[in-house]
Each structure stands twice: as structure tokens, then as C-alpha cells.
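Enquirer: what follows is a predicted protein model with its sequence.
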Amino acid sequence: MFKVITPEEFGTYFHSGEYETIYRQTTEEFQNLISIEQFTELARSFNEGVTSYHIEFRTNMLDSIHYVWLDEREEKAISVSFDETGIIQRLILKPYVIYPKTDKRLTKNRYDMPIKGEWFVFWGGLNEFINYHYVYESQRYAYDLVQVQNNKTYKENPSKNENYYAFNQEILAPADGKVVKIINGIEDNVPGEMNPDVPEGNCVIIEHKHKEYSMLAHLKQHSIQVQEGEIVSAGQFIGLCGNSGNSSEPHLHFQVMDTVDFTKGKSIRIRFHDGKEPIQGDTVSSFN
């Protein structure tokens, strides 16, 4: 009978060199990617110079609990996800890189999440382990939002957009402003496939005070109900959530940036009206 490591024990076991015990608790897919010998060599090297690890983040995902462990100098990170049975579904060892200079820059305006009802933050936060956008300056403080029921983003057949709870949901203006860019004719993807040629897909970009620009991306084809040049109010209907662009399933990508061209601009950390700053695993709501 092998010892089963609980999520809260992981850092201690990893630091003490219990690599084989950890490896036995990973998935078959993980073990097909890397042998016990390779894993042990990587882990030993990663552990060099580390005195201890502590839990920096714990987020509840749809079918797992995600932990981010940092070393005492906060230079190394272990991202590990456990399913409800205790199996390690995901394990990443990487340097912990943050950007304090841009983290300190907040939007001058305050915004609301551009949604109705409750949505789940799939990606969001101030590091790459809870927000994969973070490593890209143009998207660093973006959010990816999905809708969830019974810990799933879809019902029945996941190959149909219509079966995803986020698909066809209303997307709203996050603040007063003027519509400055629209893309409306991109076909929605089959779930699991993506369109990197137009990464934002169907989108609306709104100019707000202080030359801040919000982007609502991956909208449904031909669903946008505003025009370029139109003045919009916070909470106004913009379009429907879709699955266009560089998107693997229906969701909303929301960010604020300092220029209309998201490929050339810088993402800005968003100040919300309620004073909160959601991260991965949080449930958010706004215009209800």
C-alpha cells in the first residue's frame, strides 16, 4: 500500500526528496511523458538551494484543486493540480517570474465585468500559473470567463458550441465609452479547434476616458449589435459570447489596454467598481 500525499503535504514531500512517492500519484499520461528517472533528475535539480516551500495560491477549478507552491525566496514555483481522488493531474516546475512595475499600474477608470449572471474565472491573476496571459505584456491582466453548471462548462456533447453554457450569453459594455473597432464576421470554431490567424475572433473594442480601451473577444459570429463610432453606456448589450478566434471553447476574453491595437499595446490591471480583484477559481457577477 503506497502512501497517498494530500495536497497540503505536497511541498514537504517534494522538498524532502520523496520523488517516487509523488510520481506514483501522477496520471498515466504524465508517466508516459516522463520517466521516473527523468522526473527525479529534474526534481533534484529544481530543489537545489531551496530551504522550504509554501502555498501561495489555492484555487478550486472545475474538476480539480490547483496549488501553487513557492520557495522561500519566491523564485521557484511548483504548480500542481489534484483531482477529487487525490491523483496529480498536472505538475509544472518553473521559475516564478512576476512584473512588479506593470502590476503597480492600475486603470484610472473603474469597470464592471461585462456579463450577466454568474461566471467562472478560468484564467485571471498576477502570475502565469493562474493566468496564462500574464507572460504576454499585451494581455497580462486579461480574464477568461466561462459559465459552469455541476463543475462542467457544457452539457451532453462537448463538440457542439450550443452545448456550452457560455455560448449565446449576453456580453455587455464594462463602462461608458465609444466603440472604436468591431470584427463581426469570423466563423465560430468547432470546440477543440482554434483560429490563430485572427486570435481575437469577433470582438468589440471600446474607448473609455483617459485613453483606456476595453476589449471583448471571441464573440459569436454576426451577433454584435453596436457600430463603430457608437456611444455606449455601462451595461449596454454588445453581442453574444461565442467561440471565434484563438479559442478552444466558448468563453469571454476581457481586458483593458492602453491602445486600440491589442497586439501593440500594453494590458492594464483593472480596477473594478466593487473594489475586488478576481483570480482563477472565483465566481464573478455584475449586471444582474
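Expert: Yes, it's here.
Enquirer: C-alpha only now, for contacts and for neighbours.
Expert: Fine.
Enquirer: which neighbouring elements make contact with the helix ranked longest in the chain?
Expert: If each helix of the chain is counted by residues according to DSSP state H, the longest one is helix 36-47. In terms of contacts (3 or more C-alpha pairs under 8 Å, 6 or more residues apart in numbering; DSSP states H and E), helix 36-47 is packed against helix 19-24.
Enquirer: what does the helix it packs on rub up against?
Expert: Helix 19-24 has contacts (C-alpha atoms under 8 Å, 6 or more residues apart in numbering) with 2-5, 13-14, 31, 36, 39-40, 43.
Enquirer: chain center to it, what's the gap?
Expert: Chain-centre distance of helix 19-24: 29 Å, with C-alpha atoms, centre = their mean, to the nearest Å.
Enquirer: and of the contacts of helix 19-24, the nearest to residue 153?
Expert: residue 31 (27.6 Å; C-alpha to C-alpha).
Enquirer: for that closest one, what is the enclosing helix or strand?
Expert: helix 28-33 (DSSP states H and E).
Enquirer: quickly list what residue 82 is bridged to.
Expert: Beta-bridge partners for residue 82, by DSSP bridges, are residue 65, residue 88.
Enquirer: hmm, residue 123 and residue 130 touching each other?
Expert: Yes: if you go by C-alpha atoms under 8 Å, residue 130 and residue 123 touch, sitting 5.9 Å apart.
Enquirer: just the buried members of the contacts of helix 19-24?
Expert: 5, 14, 39-40, 43 (16 or more other C-alpha atoms under 10 Å).
Enquirer: off-centre distance for the helix holding residue 31?
Expert: 25 Å.
Enquirer: can you give the contact residues for it?
Expert: Residues contacting helix 28-33 (C-alpha under 8 Å, 6+ apart): 23, 89-90.
Enquirer: closest to residue 52 among these?
Expert: The closest of the contacts of helix 28-33, once distances to residue 52 are taken by C-alpha to C-alpha, is residue 23, at 19.8 Å.
Enquirer: thinking again about what came up before, so what sits against both of residue 130 and residue 123?
Expert: 279-280.
Enquirer: buried residues in stretch 154-163?
Expert: Result for stretch 154-163 [16+ other C-alpha under 10 Å]: buried residues 154, 160-161.
Enquirer: now do the SS call for residue 54.
Expert: With DSSP: H, G, I helix; E, B strand; the rest coil as the basis, residue 54 sits in strand.
Enquirer: got the contact list for it?
Expert: Per C-alpha under 8 Å, 6+ apart, neighbours of residue 54: 11, 69-72.
Enquirer: strands along the stretch 101-250 of the chain, start to end?
Expert: 106-111, 119-123, 143-146, 170-172, 177-183, 202-208, 212-219, 231-232, 237-240 (DSSP state E, counting those that start in this stretch).
Enquirer: would you mind writing the CA trace of the third one as CSV?
Expert: Just to be clear, that refers to strand 143-146. Extracted in CSV, the C-alpha atoms of strand 143-146 (Å, rounded to 0.1, in the frame of the first residue of the first chain):
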residue,chain,number,x,y,z
TYR,A,143,-9.6,37.5,-17.9
ASP,A,144,-11.0,34.4,-19.5
LEU,A,145,-14.6,33.7,-18.2
VAL,A,146,-16.8,30.7,-18.7
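Enquirer: quick check: neighbours of that strand in the sheet, parallel or antiparallel?
Expert: When DSSP bridges is applied, strand 143-146 pairs with strand 119-123 (antiparallel), strand 252-257 (antiparallel).
Enquirer: give me whichever of these is most buried.
Expert: strand 252-257 (a mean of 26; mean count of other C-alpha atoms under 10 Å).
Enquirer: quick one: distance of that one to the chain centre.
Expert: 11 Å.
Enquirer: same question for that strand, mean pLDDT?
Expert: For strand 252-257, mean pLDDT is 99.
Enquirer: next one: stretch 28-42
Expert: pLDDT averaged over stretch 28-42 gives 97.
Enquirer: and stretch 58-77, by the same measure?
Expert: 96.
Enquirer: kindly report the same for stretch 217-232.
Expert: 99.
Enquirer: over to that stretch now: how far is its first residue from its last?
Expert: 17 Å (C-alpha to C-alpha, to the nearest Å).
Enquirer: other residues contacting it?
Expert: With C-alpha under 8 Å, 6+ apart, stretch 217-232 has contacts from 167-168, 173, 176-182, 184-188, 200-204, 237-247, 250-254.
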